[in-house]
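Engineer: Need the 3D shape of this:
(one chain, ligands or ions: 1)
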Amino acid sequence: MYAGHIGIALGAKGIRDSIPLWVLVLATQLPDWSDAGLCLAGVRPAIPGIYTHSFPAVAVLAALASLFYYALSRDSAGLWIVGAVVVAHALADYVTGLKPTWPGGPMIGMGLYSYPWIDFVVETLVIGAGWLLYRRTFAESRRKTWPVNLMPAALVLFQLAAMIALSISPTLRKC
Ligand SMILES: [Zn+2]
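Structural biologist: Have a look, this model is predicted:
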């Protein structure tokens, strides 16, 4: 999943407005950014994503993100939401891709990337749902302003661009 991950962060912000959006964006992207970081560091495991998207890896990343947020805020209820956003990243990836479970375990996922338009519709729905929740955090008077309403359109356009880039170059990876 690409732009849909940001939709999940927006939805979490709508559920608990006190968590800074940047923390939720970090949480929602953490498995992918960890993947990119490892890749740039030259760590390329035989099973892609085993260190960042497998069950144990996601548990560790979720715990790290939760602890980081707790250290920052002392918000003991919000830390569960931050952790859940990391877990939601993996769950979303199981829908769109194919991810490892544990060392020696099976790869699981629905692999919607093979059906770009279905993937596009799913990501658009996730963005829309997340944005509707996020929109509630704005005062009634601001909800109809163009920056608020442009946000989901920008994310859907980004997703469309990613879909086109991937269809032109199917071997394109995130790192
Ligand atoms: Zn991912």
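
Engineer: where does G37 sit relative to the ion, distance-wise?
Structural biologist: Noted for G37: a distance of 13 Å to the ion, by C-beta to the ion, to the nearest Å. Where C-beta positions appear, they are placed from N, C-alpha and C, glycine not excepted.

Engineer: Just to be sure, that residue is in a helix?
Structural biologist: Yes - counting by DSSP: H, G, I helix; E, B strand; the rest coil, one finds G37 located in a helix.

Engineer: how long is stretch 8-25 from one end to the other?
Structural biologist: One end of stretch 8-25 sits 9 Å from the other (C-alpha to C-alpha, to the nearest Å).

Engineer: I'd guessed S54 sits against Y94; true?
Structural biologist: No - S54 lies out of contact with Y94 (C-beta atoms under 8 Å); the separation is 11.4 Å.

Engineer: Of the two, which one has the most company?
Structural biologist: For the pair S54 and Y94, the greater number of neighbours falls to S54 (22 against 18), based on other C-beta atoms under 10 Å.

Engineer: what's the helix or strand of the chain with the lowest mean pLDDT in contact with?
Structural biologist: The weakest-scoring helix or strand in the chain, judged by mean pLDDT, DSSP states H and E, is helix 146-168 (a mean of 88). Here helix 146-168 makes contact (C-beta atoms under 8 Å, 6 or more residues apart in numbering) with 2-4, 6-7, 10, 113, 116, 119-120, 123-124, 127-128, 131, 134-135, 138, 142, 172.

Engineer: That one close to the ion?
Structural biologist: No - in terms of C-beta under 5 Å from the ion, no part of helix 146-168 sits within range of the ion; the closest distance is 12.7 Å.

Engineer: For F138, give me its contacts.
Structural biologist: Neighbours of F138 in contact, by C-beta under 8 Å, 6+ apart: V148.
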